[in-house]
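Colleague: predicted model, plus sequence, below.
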Amino acid sequence: MIIAENSLDLIGHTPLVLLKGPSEATGCEIWGKCEYANPGGSVKDRAALYIVRDAEANGSLRPGGTIVEGTAGNTGIGLALVANALGYKTIIVMPDNQSAEKMATIRALGAELVLVPPAPFANPGHFVHTSRRIAEETDNAIWANQFDNIANRKAHIFGTAEEIWEQMGGRIDGFTCAAGTGGTIAGTGLGLKAKNEKITVALTDPHGAGLYNYYKCGELKPVGSSVAEGIGQNRITANLEGAPIDTQFRISDIEGLAVVRQLLNEEGLCLGLSSGINVAGAMALARQLGPGKRIATILCDSGFRYLSTLYNPEWLASKGLAEDQA
């Protein structure tokens with residue numbers, strides 16, 4: 001049992017749970033890192049804390065300063081909580097097609113929320129570029145820059161990977177998750193490889209992202225689309241540079257949602273779609289490695305953050321993802 005001396009010490013040290021159904025289906029042990037147990041409800045709390053502490057250490061973030069970031073939502077929530085605990089302000093830029101729950105949460109935490117239309121990264125109106133401009137135009141402000149700030153992946157090299165290694169007693173054969181910024185897969189992969197280079201690190205890519213083809217054949221080529229929030233990438237971010245990817249899988253929303261429904265109905269875990277895609281990827285890795293292996297993945301956030309979307313039958317039907325349509 002952890003006793004924390006302050007609220008920021010609650011970030012990390014998340015439980016690891018054996019997923020019974022996926023394990024039985026593959027003949028392997030598939031373990032999920034319960035990142036929804038972080039104070040902000042997602043894996044992004046880890047990067048948020050490391051980014052802020054790094055900015056303090058290098059002197060770019062000064063007392064009374066403002067932290068500006070472009071995000072699908074979860075990093076913004078993590079940054080707002082960390083900022084509140086340390087006496088900073090936050091301005092969060094989000095695409096306006098993300099879940100209403102994320103928007104409401106960011107506002108409730110006291111951050112200023114700026115919504116922009118979804119746009120390709122090449123478009124100056126993209127949420128990342130918009131957040132950078134706001135940071136440049138705001139006095140005593142920093143741009144968190146989660147995609148290319150490698151303090152992000154350090155959070156996973158020195159935090160997530162160390163925890164998984166310790167929790168699994170050093171007996172781990174594979175690790176997989178999806179990439180958004182790339183911080184989680186690159187950092188956790190680097191950290192685990194430093195312990196045992198034989199651990200297989202696999203990318204689990206949603207449809208609509210280009211990394212599957214990049215690691216398979218060297219070409220950033222997106223295929224299809226996905227409604228998953230916070231994952232999927234079509235460029236090599238600074239956090240992804242040097243990521244130790246051994247193999248790769250592409251997982252559809254239909255596959256990911258089937259896992260989400262199974263984990264809810266059979267194991268009482270209410271998760272977001274990125275978690276379902278990650279677990280489906282872990283099952284694919286298990287089948288590739290063979291029976292008896294031990295594989296870990298990331299349960300990124302809770303399904304309670306998507307009640308208006310993934311857990312809304314009308315919304316699912318509008319996306320062609322209702323159970324009778326899948």
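Modeller: Okay, I see it.

Colleague: who's in contact with stretch 216-227?
Modeller: 206-214, 232, 234-236, 248, 250, 252-253, 273, 309, 319, 321 (C-beta atoms under 8 Å, 6 or more residues apart in numbering). Glycine gets a C-beta too; all of them are placed from N, C-alpha and C.

Colleague: those residues in strands, which ones?
Modeller: 206, 248, 250 (DSSP state E).

Colleague: count of neighbours near Asp45?
Modeller: 27 (other C-beta atoms under 10 Å).

Colleague: tell me the contacts of it?
Modeller: 11-12, 35, 38-39, 77-78, 81-82.

Colleague: Met283: which of the residues you listed is nearest?
Modeller: Nearest to Met283 among the contacts of Asp45 is Glu35, at 18.7 Å by C-beta to C-beta.

Colleague: that closest one reaches His13, doesn't it?
Modeller: No - using C-beta atoms under 8 Å, Glu35 makes no contact with His13, being 11.0 Å away.

Colleague: neighbour-wise, which of these two wins?
Modeller: More crowded of Glu35 and His13, by other C-beta under 10 Å: Glu35, with 26 against 13.

Colleague: can you pull the phi and psi angles for the residue nearest to the more buried one when sequence neighbours are not counted?
Modeller: Once flanking residues are discounted, Glu35 sits nearest to Val43: 3.7 Å by C-beta to C-beta, 6 or more residues apart in numbering. Phi and psi for Val43, reported as degrees, to the nearest 10, are phi -60, psi -20.

Colleague: burial measure for Val43, as a count.
Modeller: With other C-beta under 10 Å as criterion, Val43 counts 32.

Colleague: who's in contact with it?
Modeller: Going by C-beta under 8 Å, 6+ apart, the list of residues near Val43 reads 33, 35, 74, 160, 184, 298, 300-301.

Colleague: and of those residues, the nearest to Gly191?
Modeller: Thr160 (7.0 Å).

Colleague: still on that earlier bit, select from the contacts of Val43 the one having the most neighbours.
Modeller: Within these, most neighbours by other C-beta under 10 Å means Cys300, with 32 neighbours.

Colleague: Asn239 should be in a helix, yeah?
Modeller: No - assessed with DSSP: H, G, I helix; E, B strand; the rest coil, Asn239 is coil; it does not lie in a helix.

Colleague: what's it in contact with, if anything?
Modeller: 147-150, 152-153, 181-183, 186-187.

Colleague: same check, this time on Ala55
Modeller: By C-beta under 8 Å, 6+ apart, the neighbours of Ala55 are 61, 67, 142, 144, 151.

Colleague: then Leu115?
Modeller: Contacts of Leu115 by C-beta under 8 Å, 6+ apart are 93-96, 103.

Colleague: any idea how far Gly230 is from it?
Modeller: 16 Å (C-beta to C-beta, to the nearest Å).

Colleague: try Leu16
Modeller: Leu16 sits 21 Å away from Gly230, going by C-beta to C-beta.

Colleague: out of those two, which sits in the more crowded spot?
Modeller: Comparing Leu16 with Gly230 by other C-beta under 10 Å, the one with more neighbours is Gly230, at 22 against 15.

Colleague: for the closest residue to that one other than its chain neighbours, report the pLDDT, please.
Modeller: Once flanking residues are discounted, Gly230 sits nearest to Ala72: 4.1 Å by C-beta to C-beta, 6+ apart. On pLDDT, Ala72 comes in at 89.
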